[in-house]
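# Got a predicted structure plus its sequence, pasted below:
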Amino acid sequence: MVELTDNEKKVADAMKALNATGEDSAKTANIIAGKCPLPKGLISNLLTQMAGKGAVKRVAKSKAGVYYLVQQ
């Protein structure tokens, strides 16, 4: 498992609470931001960092990308 920062752990916890654990249940950054006590802009940056670490996967959808946890 990759090492996550404290803020990345908060995002991962929010994603777990939203059941964003697979491509079929992936959530947008807006939805994740609604469940996480961090600003939306920061969450977007954290999701990008987490994707770079392999902790989350981004899937392009028609209007916005969605994210799901790869490592839990």
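The structure has been received and is ready for your questions.

# For the longest helix belonging to the chain, report the contacting residues that lie outside it.
Assignment by DSSP state H gives helix 40-53 as the longest helix of the chain. Residues from elsewhere that reach helix 40-53, judged by C-beta atoms under 8 Å, 6 or more residues apart in numbering: 2, 4-5, 7-8, 11-12, 29-30, 32-33, 36, 38, 56-58, 67. For every residue, glycine as well, the C-beta is placed using N, CA and C.

# please redo it, this time with the cut-off set to 10 Å
2-5, 7-12, 14-15, 28-30, 32-39, 55-58, 65, 67, 69-71 (C-beta atoms under 10 Å, 6 or more residues apart in numbering).

# Check which helices and strands the helix or strand just after that helix is in contact with.
Remark: after helix 40-53, the chain's next helix or strand is strand 56-59, criterion DSSP states H and E. On a contact count with 3 or more C-beta pairs under 10 Å, 6 or more residues apart in numbering; DSSP states H and E, strand 56-59 meets helix 6-17, helix 40-53, strand 66-69.

# So what would you say the end-to-end distance of stretch 24-38 is?
Distance across stretch 24-38, first residue to last, is 25 Å (C-alpha to C-alpha, to the nearest Å).

# If we go by neighbour counts, what in it is buried?
Ala26, Lys27, Thr28, Ala29, Ile31, Ile32, Ala33, Lys35, Cys36 (16 or more other C-beta atoms under 10 Å).

# That stretch - what's its average pLDDT?
When pLDDT is averaged over stretch 24-38, the result is 94.

# Any chance you could list what contacts that stretch?
Counting by C-beta under 10 Å, 6+ apart, 7, 10-20, 39-48, 56-59, 61, 63-69 sit against stretch 24-38.

# Produce a PyMOL select command limited to the buried residues of those residues.
Entered in PyMOL, the line below selects the buried ones among the contacts of stretch 24-38, by 16+ other C-beta under 10 Å:
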select buried, resi 7+10+11+12+14+15+18+20+43+44+46+47+56+57+65+66+67+68+69
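
# Tell me who's in contact with Pro18.
One thing to correct before we go on: residue 18 is Leu, not Pro. Leu18 touches Ser25, Ala26, Lys27, Ile31, Ile32, Gly34, Lys35, Cys36, Tyr68, Leu69, counting by C-beta under 10 Å, 6+ apart.
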